[in-house]
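>>> One predicted model, sequence on top.
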Amino acid sequence: MKRTRLYFLLTVLVLFALLAVIALCFRDGFVRPYLGDVLVVVFIWALLRNAGYQVE
């Protein structure tokens, strides 16, 4: 259980850093609005899994 939580914590941290870079550096019509939205969904899922919720 702890190893899985560590995995999701690392995923959340990496995604947060990636989302911050996207928000600050990209001003185009694809990466920020579309790819950023997909990554936010994965970020929220990993955040909930790290908190202990069983999202299925």
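It's in. Numbering: from 1, shown residues only.
>>> which residues sit against the helix or strand where residue 6 lies?
Secondary structure assigned from DSSP states H and E places residue 6 in helix 2-25. Contacts of helix 2-25 from elsewhere in the structure, counted by Cβ atoms under 8 Å, 6 or more residues apart in numbering, are 31-32, 35-36, 39-40, 42-43, 46-47, 49-50, 52. To be clear about C-beta, it is placed using only N, CA and C from the backbone, and glycine gets the same treatment.
>>> Quick check: ChimeraX command selecting the buried ones in these.
In ChimeraX syntax, the buried subset of the contacts of helix 2-25 is picked out as below (16 or more other Cβ atoms under 10 Å):
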select :36,39,43,46,47,49,50
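>>> Tell me the gap between the helix holding residue 6 and the middle of its chain.
5 Å (Cα atoms, centre = their mean, to the nearest Å).
>>> Can you list the buried residues in that helix?
Judged by neighbour count (16+ other Cβ under 10 Å), helix 2-25 contains these buried residues: 8, 11, 12, 15, 19.
>>> Name the nearest residue to the residue nearest the centre of the chain, ignoring sequence neighbours.
The centroid of the chain falls nearest to residue 43 when counting by Cα atoms, centre = their mean (2.3 Å). Take residue 43 and drop its neighbours on the chain: the residue closest to it by Cβ to Cβ, 6 or more residues apart in numbering is residue 15, 4.3 Å away.
>>> dump the residue contacts of the residue nearest to the centre of the chain.
With Cβ under 8 Å, 6+ apart as the criterion, the residues that contact residue 43 are 12, 15, 16, 19.
>>> low pLDDT regions in the chain?
Under the criterion of pLDDT under 70, the regions of the chain flagged as low confidence span 1, 54-56.
>>> before we move on, the earlier item: next step: the contacts of helix 2-25 restricted to strands.
Using DSSP state E, the subset of the contacts of helix 2-25 located in strands is empty.
>>> can you redo the contacts of helix 2-25 as a markdown table with distance to residue 25?
Below are the contacts of helix 2-25 laid out as a markdown table (distance: Cβ to Cβ, whole Å):
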| residue | distance to residue 25 |
| --- | --- |
| 31 | 9 |
| 32 | 9 |
| 35 | 13 |
| 36 | 11 |
| 39 | 14 |
| 40 | 16 |
| 42 | 19 |
| 43 | 17 |
| 46 | 22 |
| 47 | 23 |
| 49 | 28 |
| 50 | 26 |
| 52 | 33 |
